[in-house]
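# this is the structure alone, sequence omitted:
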Ligand code: GLN
């Protein structure tokens with residue numbers, strides 16, 4: 001813990017930690033020492049973690065990287081962080097992210113962006129660590145902590161993991177409690193581990209997961225010891241390669257990465273087959289209707305009364321002006337865009353044309369996966385991202401849809417509620433990390449982790 005705290009101070013320029021909690025960390029570390037001496041250590045005892053700013057941590061600023069939550073210190077602890085602390089883990093501080101987890105580059109954060117510790121060849125260009133869990137990815141990649149929590153609504157664990165050469169797992173929807181995590185799109189959000197390797201992901205998921213009566217969507221299912229699933233044996237497993245994920249103009253190095261991944265799994269004894277997920281091309285538009293719709297509803301609670309910051313009012317301002325001014329200055333541009341899109345697609349005249357249609361598409365996407373699994377597929381292999389990490393600011397003038405295209409391989413998994421993992425799978429020509437994604441059957445994270453283990 002002390003070594004991590006020293007590293008964090010030295011790496012301020014990465015912008016990964018937005019709030020440091022050394023006193024809490026050292027106190028937890030002393031408790032962990034005592035626990036270890038007493039012979040009562042659990043798997044996470046004494047492991048120093050970074051916590052994404054989306055998680056409510058008792059008494060500690062929890063701002064979802066938004067101005068509107070300035071000054072908010074929750075009086076409660078999220079179930080995930082509580083589970084981790086109960087297992088003996090240590091909190092070093094809160095990690096940077098895109099505002100309300102909306103983004104793919106960590107550039108929508110009120111704190112400014114986190115930076116990727118990797119460089120493109122000899123260039124000085126600062127690169128994005130990805131988003132929205134950009135601070136988590138940057139911190140784990142730069143060894144500022146041993147692991148971090150992330151959340152993934154459309155790819156926010158897996159894309160930053162791929163961009164920074166670490167492992168990121170989005171569990172099955174309902175595996176991990178969402179209680180105490182600032183809600184973005186409640187039917188898609190899921191927290192998961194961001195770690196240095198698959199074994200750490202298995203250990204951390206075991207500690208994070210579990211039924212929680214405080215989250216009605218958390219499933220009442222025993223949590224297996226996911227580490228025990230890592231046998232390394234994947235003989236006879238069937239790996240599906242979905243042809244719809246082969247995009248026009250996909251860089252040759254992403255193609256090659258995918259081919260290498262197929263070869264590795266085949267060498268380990270898996271059977272690699274071509275499959276079809278025919279509704280894939282509708283996933284991104286469906287996601288960018290459903291996620292903003294849910295976000296517009298979830299973000300209605302930030303009204304200047306209940307949480308965080310309230311705008312300064314002028315004489316004569318009433319409650320409407322208070323709401324308007326608070327929300328206008330409290331939310332950044334991307335968050336405002338999502339609220340506008342979301343309220344539009346939910347409005348009386350457009351509900352059927354957009355929101356209902358997107359829900360139908362979502363059902364078809366889910367069915368595509370079910371059909372593949374019914375035909376005997378155990379896991380699906382795809383690239384995690386369509387490119388390596390891009391330069392910070394590079395997308396600043398681009399159409400927002402350009403940024404949304406980053407999520408093309410990851411959003412399907414959230415729409416279908418499936419577990420997905422990104423594992424580091426090599427470097428591009430400029431020496432930047434690339435990731436492969438494996439998608440598993442619902443509730444079969446152990447199997448998924450074991451297959452990912454064969455890719456390491
Ligand atoms: N990049 C996606 C978005 O902006 C996904 C974000 C996430 O998974 N939280 O919505």
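The structure has been received and is ready for your questions. Keep in mind that what you see is a predicted model, and the values were worked out from it rather than measured.
# can you pull the residues of the stretch 51-200 of the chain lying near the ligand?
For the stretch 51-200 of the chain, the contact set with the ligand under C-beta under 6 Å from any ligand atom comprises 101, 102, 103, 104, 132, 152, 153, 154, 155, 156, 184. (Glycine included, C-beta is placed from N, CA and C.)
# let's see 8 Å
98, 101-104, 131-133, 151-157, 159, 184-185, 188-189 (C-beta under 8 Å from any ligand atom).
# ditto for the stretch 301-450 of the chain
Residues of the stretch 301-450 of the chain lying near the ligand by C-beta under 8 Å from any ligand atom: 334, 338, 403, 404, 406, 407, 410, 411, 414.
# and those residues, which is closest to the ligand?
Distance to the ligand across those (C-beta to the nearest ligand atom) is lowest for residue 407, with 4.8 Å.
# for this protein, what helix or strand is lowest in average pLDDT?
Least confident helix or strand, the chain: helix 400-404 with a mean of 90, by mean pLDDT, DSSP states H and E.
# tell me the buried residues in it?
403, 404 (16 or more other C-beta atoms under 10 Å).
# what's in contact with it?
Helix 400-404 is contacted by residues 103, 104, 105, 284, 288, 334, 337, 395 when judged by C-beta atoms under 8 Å, 6 or more residues apart in numbering.
# off-centre distance for it?
Put simply, helix 400-404 sits 18 Å off its chain's centre (C-alpha atoms, centre = their mean, to the nearest Å).
# what is the burial count for the residue in the stretch 251-400 of the chain positioned nearest to the ligand?
Nearest to the ligand in the stretch 251-400 of the chain, going by C-beta to the nearest ligand atom, is residue 291, at a distance of 5.3 Å. Residues within reach of residue 291, counting by other C-beta atoms under 10 Å, total 28.
# state the number of residues packed around the closest residue to it other than its chain neighbours.
Leaving aside its sequence neighbours, residue 291 sits nearest to residue 185 (C-beta to C-beta, 6 or more residues apart in numbering; 4.2 Å). Close neighbours of residue 185, defined as other C-beta under 10 Å, add up to 23.
# try residue 245
Counted by other C-beta under 10 Å, the residues lying close to residue 245 total 19.
# SS state for the nearest residue to it once chain neighbours are set aside?
Residue nearest to residue 245 in three dimensions, not counting chain neighbours: residue 382, with 4.5 Å by C-beta to C-beta, 6+ apart. Secondary structure state of residue 382, per DSSP: H, G, I helix; E, B strand; the rest coil, is strand.
# below-threshold pLDDT in the chain: ranges please.
For the chain, no stretch has pLDDT under 70.
# pull the longest helix from it.
As assigned by DSSP state H, the longest helix anywhere in the chain is helix 357-374.
# buried set for that one?
Buried positions in helix 357-374, judged by neighbour count with 16+ other C-beta under 10 Å: 357, 358, 361, 362, 365, 366, 368, 369, 372, 373.
# contacts for that helix?
If you take C-beta under 8 Å, 6+ apart as the criterion, helix 357-374 is touched by 240, 242, 275-280, 282-283, 285-286, 289-290, 293, 345, 380, 412, 415-418, 439, 441.
# now, of those, which are buried?
Neighbour counting with 16+ other C-beta under 10 Å marks 240, 242, 275, 277, 279-280, 282-283, 285-286, 289-290, 293, 345, 380, 412, 415-418, 439, 441 as buried within the contacts of helix 357-374.
# which residues touch the spatially most central residue of the chain?
In the chain, the residue lying closest to the centroid (C-alpha atoms, centre = their mean) is residue 157, at 2.5 Å. Contact partners of residue 157, counting by C-beta under 8 Å, 6+ apart, are 133, 136, 150, 151, 168, 169, 170, 192, 194, 422.
# mind checking which of those residues are in helices?
Among the contacts of residue 157, the members found in helices (DSSP H) are residue 136.
# and which of the contacts of residue 157 is nearest residue 314?
Proximity of the contacts of residue 157 to residue 314 (C-beta to C-beta) peaks at residue 151, which lies at 37.5 Å.
# burial count for the closest one?
By other C-beta under 10 Å, the residues close to residue 151 number 27.
# same check, this time on residue 40
Using other C-beta under 10 Å, residue 40 has 10 other residues around it.
# rewinding a little: burial count for the residue nearest to residue 245?
Neighbour count for residue 382, taken as other C-beta under 10 Å: 27.
# just list whatever residues bridge to it.
Applying DSSP bridges to residue 382 gives these bridge partners: residue 437.
# what residues are up against it?
Counting by C-beta under 8 Å, 6+ apart, residue 382 touches 241, 242, 245, 258, 409, 436, 437, 439.
# the same query, at a cut-off of 10 Å, please.
Counting by C-beta atoms under 10 Å, 6 or more residues apart in numbering, residue 382 touches 240-242, 244-246, 254, 258, 261, 277, 280, 408-410, 412-413, 420, 422, 436-439.
# for stretch 188-201, measure first residue to last.
Stretch 188-201 has an end-to-end distance of 20 Å (criterion: C-alpha to C-alpha, to the nearest Å).
# show me where the chain has its helices.
2-10, 22-37, 79-86, 134-141, 158-164, 198-208, 252-267, 283-298, 319-330, 333-346, 357-374, 400-404, 411-416, 445-453.
# what helices and strands are in contact with the fifth one?
When you say that, I think you mean helix 158-164. Packing partners of helix 158-164 (3 or more C-beta pairs under 10 Å, 6 or more residues apart in numbering; DSSP states H and E): helix 134-141, strand 147-152, strand 167-170, strand 190-195, strand 420-427, strand 433-440.
# now do 8 Å
Where contact means 3 or more C-beta pairs under 8 Å, 6 or more residues apart in numbering; DSSP states H and E, helix 158-164 is packed against helix 134-141, strand 147-152, strand 167-170, strand 420-427, strand 433-440.
# again, but for the second one
Contacting helix 22-37 under the criterion 3+ C-beta pairs under 8 Å, 6+ apart are the following elements: helix 2-10, strand 90-95.
# which helices and strands sit right next to the shortest one?
Packing partners of strand 90-95 (3+ C-beta pairs under 8 Å, 6+ apart): helix 2-10, strand 17-20, helix 22-37, strand 48-52, helix 134-141.
# pull the distance from the longest one to the chain's centre.
Think helix 22-37. Here helix 22-37 is found 28 Å from its chain centre; the criterion is C-alpha atoms, centre = their mean.
# touching that helix from outside, list them.
Helix 22-37 has contacts (C-beta under 8 Å, 6+ apart) with 1-2, 4-5, 41-42, 45-46, 48, 60, 85, 88-93.
# again, only this time at 10 Å
1-2, 4-5, 8-9, 21, 40-42, 44-49, 57-60, 85, 88-93, 145.
# ditto for the first one
Counting by C-beta under 10 Å, 6+ apart, the neighbours of helix 2-10 from elsewhere in the structure are 14, 16-17, 20-22, 25-26, 29, 48-50, 90, 92-93, 139, 142-146.
# buried sites along that helix?
For helix 2-10, burial by neighbour count (16+ other C-beta under 10 Å) applies to 4, 5, 7, 8.
# ditto for the longest one
Residues of helix 22-37 classed as buried by neighbour count (16+ other C-beta under 10 Å): 22, 24, 25, 28, 29, 32.
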